[in-house]
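> here's a sequence, model it:
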Amino acid sequence: MPELKQVELFCDGACSGNPGPGGWGTILRYAGREKELSGGAAATTNNRMELTGLIEGLRALKESCRVTVMTDSEYVANGITKGWAAAWKRNGWVKSDKKPALNPDLWDALLGELARHTVEVRWVRGHAGHAENERCDALAVAQSQAYKAGEGKA
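Below you'll find the model as predicted:
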């Protein structure tokens, strides 16, 4: 069996108001090359954009890879590494406190993408000078501002 390609994935989300217009940004790095992806929505939340950035980055990979994910979202990192999302799904998208899990559509999509790859998630402090996180934030904010100005894709 061939060795899986090692990919680094950096992602971030932003929202102007919460909810409000939002954006996400992702950088994929493989073998010294980088690809930037971004998008947004007119009415969304920061957590939805954080999840979408990761989902879209994983979807962009054409084959199974060994992926190191770097995110400044504790919501996303903990949802994966602590098994919260998998537990929510097993429990019909209900959390341990019996409240409904938020964003089940995106968590379900993310769990599907995670199953295609070997993934390690690393939390990084946001707005702390991490170059790729800062770039992803800039991509996300630019998308958020485009949607706020009515220039985003419908």
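> what about the strands in this protein?
In the chain, the strands defined using DSSP state E lie at 5-15, 20-30, 33-44, 65-71, 118-123.
> and the ones you listed as a markdown table, adding mean pLDDT, distance to A85 and mean neighbour count?
C-beta here means a position set from N, CA and C on the backbone, and glycine is covered the same way. Below are the strands of the chain laid out as a markdown table (pLDDT from 0 to 100; distance: least, C-beta to C-beta, whole Å; neighbours: other C-beta atoms under 10 Å):
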| stretch | mean pLDDT | distance to A85 | mean neighbour count |
| --- | --- | --- | --- |
| strand 5-15 | 97 | 16 | 25 |
| strand 20-30 | 98 | 18 | 24 |
| strand 33-44 | 97 | 19 | 17 |
| strand 65-71 | 98 | 14 | 21 |
| strand 118-123 | 98 | 11 | 15 |
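> list the buried residues for stretch 77-95?
Neighbour-count burial for stretch 77-95, counted by 16 or more other C-beta atoms under 10 Å, picks out A77, G79, I80, W84, A85, W88, W93.
> ok, the fourth one to V124 distance?
W84 sits 19 Å away from V124, taking C-beta to C-beta, to the nearest Å as the criterion.
> same check on the third one?
Using C-beta to C-beta, one obtains 14 Å as the distance from I80 to V124.
> tell me the contacts of V67?
Applying C-beta atoms under 8 Å, 6 or more residues apart in numbering to V67 gives the contacts V7, E8, L9, L58, L61, H117, T118, V119, E120.
> these: which two are farthest apart?
Spanning the widest gap among these are L61 and E120, at 14.5 Å by C-beta to C-beta.
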